[in-house]
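>>> 3D model of this:
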Amino acid sequence: IDTRIVLPSGLVDVSAVGADIDDNVTLSSNGLIDASGRTFNFVDGSQAGSSGGEIRLVSSSADVNLETGSVIDVSSSEVAGDAGTMVLSAANGNVNVSGDMLARHADDFNGGSIRVDVDHHADLDGFLQKIQDSGFSHSQRYRVRDGDINIPGLAGDDTNIVASDIVLAADNGAINVSGVLDASGESAGQIALYSSGDIDVTNAMLDAFATSDSAASDSAGGEVILATTGGALSVDATTQINVAGTASGAAVESGKVTLRAPRTAGNTEVAINNFEATVTGAERIDIEGVAFYNDAVIGTAQQTTYSSDASSWLANETAIVNRLSLATDSRVHLLAGIDVSNAGDITITDELDFYQWQLASADVIDEGSLTIRAGNNLNINASISDAVNREVLYSTSFGGFTLDGPVVPLIKDGDSWNYRLVSGADLASSAVMATRSDDQKSTGNLTLASDVIVRTGKGDIHLASGGDLVLVDQTSVIYTVGEGNGTGYYTADIMDFT
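Alright, predicted model coming up:
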């Protein structure tokens with residue numbers, strides 16, 4: 001491209017789909033792609049502005065190149081609007097940037113978002129520094145399919161990545177961080193590191209805290225996720241993690257740190273070498289020990305295996321937290337992680353009731369995380385539930401007789417399970433919520449059948465679909481019930497809310 005393409009607030013999609021190693025997407029020195037917003041002036045003197053658009057540069061087999069002098073612009077107008085989104089994808093090559101990328105935004109609006117997907121990157125650190133000067137302060141997501149991701153320490157107070165949403169994924173390599181990742185802001189952000197290999201965090205700062213000091217403004221804390229599918233986690237004592245929220249202008253412990261790693265040593269340990277960081281502002285530090293299963297059907301037989309394995313692993317909780325010197329930290333929770341994947345469809349045929357798991361295990365399995373990743377369709381034909389039990393609402397005795405009231409679903413207090421449910425999943429990615437990219441034409445749907453409920457108590461429910469999210473009818477529902485607060489009772493039947 002050696003010309004000007006101007007589409008204000010629009011979408012520009014440039015793809016090289018050839019199979020040769022020289023089928024690059026190249027923006028030459030005279031090239032300009034402008035999807036920035038515009039300012040509109042009205043006769044009464046008022047102004048309005050539009051947000052930036054989206055620019056996608058994709059090479060299926062080779063590189064994406066921005067030569068010196070080239071410009072791509074997703075800035076907003078000067079008076080109003082968020083900056084836009086930039087996607088640079090070279091899944092079998094590299095992204096080389098010598099030109100300018102712009103994502104300026106109006107005051108009190110969001111900065112730009114950038115997603116980068118490469119096979120390898122010879123100078124990721126230099127690339128990141130260029131990105132930080134371009135205005136992509138809303139979201140920065142980097143995927144390296146083959147090779148390590150290294151975030152070195154910088155001189156002085158320099159920061160490696162600044163954005164509200166920071167995601168690094170190394171599909172076939174390790175992640176090493178000794179620099180500064182900053183997702184702090186008036187609203188706390190997220191930092192997520194996903195790797196197939198080791199994650200080593202040394203003398204680093206991971207900031208995802210809320211900065212608001214207004215007495216009239218409360219803000220939830222942020223989240224830091226360190227997750228490996230086949231390596232080990234190591235976080236040294238010089239590392240600082242801050243996920244604090246704010247309440248009435250003061251910092252509060254309302255954030256979350258998640259350490260996700262495989263179960264090891266015959267289902268008795270977890271692949272965490274050490275976690276010695278100073279953690280500020282966390283309400284919870286979750287250690288998720290993951291067992292991986294490859295099933296196309298999730299029925300009673302599979303669930304029996306999952307629960308038995310989880311109970312056996314959780315029996316080692318004391319030994320695990322003692323080894324990590326975390327036994328006295330009340331914020332630490334050990335969670336059984338269940339990760340079910342299949343390259344084709346996955347169908348849930350029998351109800352998954354995690355509260356019944358808790359009762360059957362005498363409270364050993366009181367919380368956990370369920371991850372289901374279907375390469376094609378995820379068919380939820382039976383409910384997934386936690387923190388709810390069907391019980392007799394009341395009993396009345398008179399004249400030697402007992403009259404039972406109705407049986408209703410009642411909320412049960414305590415910790416709850418988290419769910420990650422993904423259809424059209426990109427199983428080659430180390431990021432658990434990844435779906436296949438647009439050029440792969442994913443058609444995997446996530447479908448809830450009639451009379452199917454997906455619910456938990458205080459846990460999180462994350463959904464991602466490469467195709468559609470299908471709720472077959474009004475009886476297909478997804479919700480969190482929360483927990484009881486005070487006296488009395490509260491039913492958890494979603495139909496009571498209508």
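>>> tell me, how many residues neighbour the closest residue to Thr229 other than its chain neighbours?
Spatial nearest neighbour of Thr229, excluding adjacent residues (C-beta to C-beta, 6 or more residues apart in numbering): Ser196 at 5.2 Å. Quick note: C-beta positions are derived from backbone N, CA and C, even for glycine. Here the neighbour count serves as a burial measure; for Ser196 (other C-beta atoms under 10 Å) it reads 18.
>>> I'd say Ser196 and Ser430 touch.
Yes - taking contact to mean C-beta atoms under 8 Å, the distance of 4.8 Å between Ser196 and Ser430 places them in contact.
>>> which neighbours do these two share?
When contacts are counted by C-beta atoms under 8 Å, 6 or more residues apart in numbering, the set common to Ser196 and Ser430 consists of 170-171, 228-229.
>>> now the residue nearest to Thr229: how far from Val290?
Taken as C-beta to C-beta, to the nearest Å, the spacing of Ser196 relative to Val290 amounts to 13 Å.
>>> give me the common contacts of the two.
By C-beta under 8 Å, 6+ apart, Ser196 and Val290 have these common neighbours: Thr229.
>>> about what we covered before: biggest separation within the shared contacts of Ser196 and Ser430, which pair?
Using C-beta to C-beta, the shared contacts of Ser196 and Ser430 span at most 11.7 Å, a distance reached by Asp171 and Thr228.
>>> need the residues touching each of these two.
Joint contacts of Asp171 and Thr228 (C-beta under 8 Å, 6+ apart) are 196, 430.
>>> okay, these two: which has more neighbours?
Legend: neighbour count by other C-beta under 10 Å for Asp171 and Thr228, higher for Thr228 (25 against 22).
>>> list the contacts of the closest residue to the more buried one other than its chain neighbours.
The spatially closest residue to Thr228, leaving aside those adjacent along the chain, is Ser195, at 4.9 Å (C-beta to C-beta, 6+ apart). Each residue near Ser195 by C-beta under 8 Å, 6+ apart is listed here: 149, 169-170, 173-175, 227-229, 231, 430.
>>> Ser195 bridge partners, please.
Here Ser195 sits in beta bridges with Ala170, Thr228, going by DSSP bridges.
>>> now it: how far from Asp107?
Taking C-beta to C-beta, one finds Ser195 at 37 Å from Asp107.
>>> for Asp309, same thing?
Using C-beta to C-beta, one obtains 53 Å as the distance from Asp309 to Asp107.
>>> which of the two has more residues huddled nearby?
More crowded of Asp309 and Asp107, by other C-beta under 10 Å: Asp309, with 16 against 7.
>>> that one contacts Ala291, correct?
Yes - taking contact to mean C-beta under 8 Å, the distance of 5.3 Å between Asp309 and Ala291 places them in contact.
>>> OK, contacts around the residue lying closest to Gly444 once chain neighbours are set aside?
Take Gly444 and drop its neighbours on the chain: the residue closest to it by C-beta to C-beta, 6+ apart is Gly424, 2.9 Å away. Applying C-beta under 8 Å, 6+ apart, we find Gly424 in contact with 374-376, 435-436, 442-445, 465-467.
>>> again with Gly414
With contact taken as C-beta under 8 Å, 6+ apart, Gly414 is in contact with 366-367, 387, 457, 483.
>>> can you check the pLDDT for it?
The score at Gly414 is 81. That number is its pLDDT.
>>> how close does Ile175 sit to Leu181?
Note on Ile175: its distance to Leu181, by C-beta to C-beta, is 11 Å.
>>> likewise Ile372?
The value you get for Ile372 to Leu181, if C-beta to C-beta is used, is 29 Å.
>>> and Thr39, bridged to which residues?
Note on Thr39: beta-bridge partners by DSSP bridges are Gly49.
>>> how many residues are close by it?
Other residues lying near Thr39 total 15 when counted by other C-beta under 10 Å.
>>> next one, pLDDT for the most centrally placed residue in the chain please.
Using C-alpha atoms, centre = their mean, the residue of the chain that lies closest to the mean C-alpha position is Met433, 6.4 Å off. Model confidence at Met433, expressed as pLDDT, equals 96.
>>> how about it, secondary structure?
coil (DSSP: H, G, I helix; E, B strand; the rest coil).
>>> how close does it get to Ala362?
For Met433, the distance to Ala362 equals 33 Å [C-beta to C-beta].
>>> then Ala277?
Note on Ala277: its distance to Ala362, by C-beta to C-beta, is 33 Å.
>>> which of these two has more neighbours?
When neighbours are counted by other C-beta under 10 Å, Ala277 and Ala362 differ, and Ala277 comes out ahead with 21 against 9.
>>> surely the more buried one meets Ile241?
Yes - because the distance of 5.1 Å satisfies C-beta under 8 Å, Ala277 is recorded as touching Ile241.
>>> remind me, longest helix of the chain?
Taking DSSP state H as the assignment, the helix of the chain that covers the most residues is helix 300-314.
>>> following it, which helix or strand comes up?
Secondary structure here is assigned by DSSP states H and E; on that basis, the next helix or strand after helix 300-314 toward the C-terminus is helix 317-323.
>>> ok now that following helix, how far from the chain's centre?
Relative to its chain's centre, helix 317-323 lies at 27 Å (C-alpha atoms, centre = their mean, to the nearest Å).
>>> just checking: what are the partner strands of whatever helix or strand comes next after that helix?
Next along the chain after helix 317-323, taking DSSP H and E as the criterion, comes strand 332-342. Partner strands and pairing direction for strand 332-342 (DSSP bridges) are strand 282-294 (parallel), strand 368-374 (parallel).
>>> put the alpha carbons of strand 332-342 into CSV.
Output of strand 332-342 as CSV, limited to C-alpha atoms (Å, rounded to 0.1, in the frame of the first residue of the first chain):
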residue,chain,number,x,y,z
VAL,A,332,-5.1,-17.5,50.0
HIS,A,333,-7.7,-20.0,48.6
LEU,A,334,-6.8,-23.4,47.1
LEU,A,335,-9.1,-24.1,44.1
ALA,A,336,-9.5,-27.3,42.2
GLY,A,337,-9.2,-26.4,38.5
ILE,A,338,-11.0,-28.6,36.0
ASP,A,339,-10.1,-28.0,32.3
VAL,A,340,-12.1,-30.0,29.8
SER,A,341,-11.2,-29.5,26.1
ASN,A,342,-12.0,-31.2,22.8
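>>> how big is the angle separating that strand from helix 300-314?
150 degrees (axes from the mean of the first three to the mean of the last three C-alpha atoms, to 10 degrees).
>>> what is the distance between strand 332-342 and the centre of its chain?
15 Å.
>>> point out where the stretch 351-498 of the chain drops to low pLDDT.
Where the stretch 351-498 of the chain drops to pLDDT under 70, the residues are 391-395, 398-399, 403-408, 437-442, 484-498.
>>> okay, helices next: where are they in it?
Under the criterion DSSP state H, counting those that start in this stretch, helices of the stretch 351-498 of the chain are mapped to 354-360.
>>> who touches both of Ile175 and Leu181?
Looking at what touches both Ile175 and Leu181 (by C-beta under 8 Å, 6+ apart), the common residues are Ile151.
>>> still on that earlier bit, what pLDDT is listed against the residue nearest to Thr229?
Looking at Ser196, its pLDDT stands at 98.
>>> nice, that's everything, thank you.
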